[in-house]
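no FASTA, just this:
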């Protein structure tokens, strides 16, 4: 008996215990007739499988250290975002006329529709949107069903920013990164983007982030996404789509999103996320009334 059960938090011995996973299923591999398990990254948007004798439960101290490390990374990013916004607002205040200084501004950031193939990650992301004061609607939809769901959800919610994400991985034995068949879910992200662009062709009117760990970056961008993962086929963090969306949501409508700033605002940076020039979605309004 391996002692491994669905729901356990584990690491893979063959990979040096580099990533913490949750066991989502245990099955018998038909080729080897050995028990294998499906694994989901605890903080990385990665699905994998492994022989059950290759995984071991993570001990309490290592798990605590991993959670502290990830929470610290998340909180540091939130602090950087809020500091940037404060500095941007100071610049606006300096340029105001004496007459306009009698009144307060109100903010209208871009609105987000977030489709996620992972329900736990979606909850984490929606909580972070709330912390960032971004209006966001989330739907847990399996990656294979996202393309058909996109058009109706766009019609219903009319978002400024669409996020289509979940899990992905390079699965082909040849690891040919130009073969779409070697990706677990990239074809669904590509089709979701294509369907979204049939609804709204303009990259400025609807900003799209699509992809997950090791996704086919070039093909997703070619389909019409503004931002995508993963340029170097690395694993991306669960929060990467959120921080990209935040940068777009709070960049003024009359400015182009600084691509470098947007990418460096993500957790994994330029190796995990890339994109094209995109107009921001943030609007200032005035005067702010007692009802706002």
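Everything's here; your move. On a predicted model such as this, the values are computed, not experimentally measured, just so you know.

what residues go with each domain of the chain?
Annotated domains of the chain cover 8-61, 103-285 [the TED database].

looking at those domains, which one is packed in the most?
Of the domains of the chain, the one with the most neighbours on average (mean count of other CB atoms under 10 Å) is domain 103-285, at a mean of 20. Every residue, glycine included, has its C-beta placed from N, CA and C.

could you redo the domains of the chain as JSON lines and give each row distance to residue 85?
Below are the domains of the chain laid out as JSON lines (distance: least, CB to CB, whole Å):
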{"stretch": "domain 8-61", "distance to residue 85": "25"}
{"stretch": "domain 103-285", "distance to residue 85": "6"}
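
those: lowest mean pLDDT?
Across the domains of the chain, domain 8-61 has the smallest mean pLDDT, namely a mean of 87.

ends of that one, how far apart?
End-to-end distance for domain 8-61: 15 Å, by CA to CA, to the nearest Å.

and the longest helix seen in the chain, what does it pack against?
Ranked by residue count and defined by DSSP state H, the top helix of the chain is helix 60-94. Judged by 3 or more CB pairs under 8 Å, 6 or more residues apart in numbering; DSSP states H and E, helix 60-94 is in contact with helix 119-131, helix 240-249, helix 259-265.

direction-wise, compare that helix with helix 119-131 and give the angle.
Per axes from the mean of the first three to the mean of the last three CA atoms, to 10 degrees, the angle that helix 60-94 makes with helix 119-131 is 30 degrees.

which helix or strand lies directly C-terminal to helix 60-94?
strand 106-108 (DSSP states H and E).

would you mind identifying the next helix or strand past that following strand?
strand 112-116.

what's the separation between the closest residue to residue 187 other than its chain neighbours and residue 38?
When the adjacent residues along the chain are set aside, residue 187 lies closest to residue 180, with 5.7 Å between them (CB to CB, 6 or more residues apart in numbering). Going from residue 180 to residue 38 by CB to CB, to the nearest Å gives 22 Å.

next one: residue 280
Separation of residue 280 from residue 38 (CB to CB) stands at 39 Å.

report the contact partners of the spatially most central residue of the chain.
The C-alpha lying nearest the average C-alpha coordinate of the chain belongs to residue 241 (CA atoms, centre = their mean; 2.5 Å). Contacts for residue 241 were tallied using CB atoms under 8 Å, 6 or more residues apart in numbering; they are 114, 125, 163, 165, 209.
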